[in-house]
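> Need coordinates for the below:
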Amino acid sequence: MEFLVASAIGVLTMAGIYLCLRGRTFPVVLGLAMLSYAINLFLFAIGRLVLNRPPLYEKGLTEYTDPLPQALVLTAIVISFGMTALAVVLALRNFLETGTDQVDGVMEADPPRPDPEARP
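Numbering: from 1, shown residues only. Sure, this is the predicted structure:
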């Protein structure tokens, strides 16, 4: 089970970094979302979640679940939602000002079109 969780974290991180390095804004936003999912899964996995234990401490209890990883993941979800919304608004503003969705704001050069009247 640990291998599956570690592999999922690795794949999400790899896909997020790949998408963040793309030249257009929409894949960059998706890459940031995937990186936040990978971080959330990592935080959740390091909490050593156990079954059939209460999440809160009570008198006479010897074992209980640590509620800190769950609280960290919940906070990270809220922060990543706000960060994604901000990135989408900034990307939209950049597109409206520059007319392109390239990250650097420079439009791609169109390939030359063949002249239909020219003969080979």
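
> Please look at Val5 and Ile46 and confirm they touch.
No: the pair Val5 and Ile46 fails to qualify as a contact (CB atoms under 8 Å) at a distance of 10.2 Å. Yep, even glycine has a C-beta here, placed from its N, CA and C like the rest.

> Comparing the two, which residue is more hemmed in?
Each of Val5 and Ile46 has its neighbours counted (other CB atoms under 10 Å); Val5 has more, 13 against 10.

> how close does the residue nearest the centre of the chain sit to Val50?
In the chain, the residue lying closest to the centroid (CA atoms, centre = their mean) is Ala33, at 2.0 Å. Taking CB to CB, to the nearest Å as the measure, Ala33 and Val50 are separated by 29 Å.

> what's near enough to touch the residue nearest to the centre of the chain?
For Ala33, the contacting residues are Gly16, Ser80, Thr84, taking CB atoms under 8 Å, 6 or more residues apart in numbering as the criterion.

> Buried only: go through these for me.
Applying a neighbour-count criterion of 16 or more other CB atoms under 10 Å, the buried members of the contacts of Ala33 are Gly16, Ser80.

> Which one of the contacts of Ala33 is nearest to Ile39?
Nearest to Ile39 among the contacts of Ala33: Ser80, at 8.0 Å, using CB to CB.

> Pretty sure that closest one sits against Ser36.
Yes: checked against CB under 8 Å, the pair Ser80 and Ser36 is within contact range at 3.6 Å.

> ok so, going back, hang on, the residue nearest to the centre of the chain in a strand?
No: the assignment for Ala33 by DSSP: H, G, I helix; E, B strand; the rest coil gives helix, which leaves it out of any strand.

> Quickly note the distance from it to Tyr64.
Computed as CB to CB, the Ala33 to Tyr64 distance reads 33 Å.
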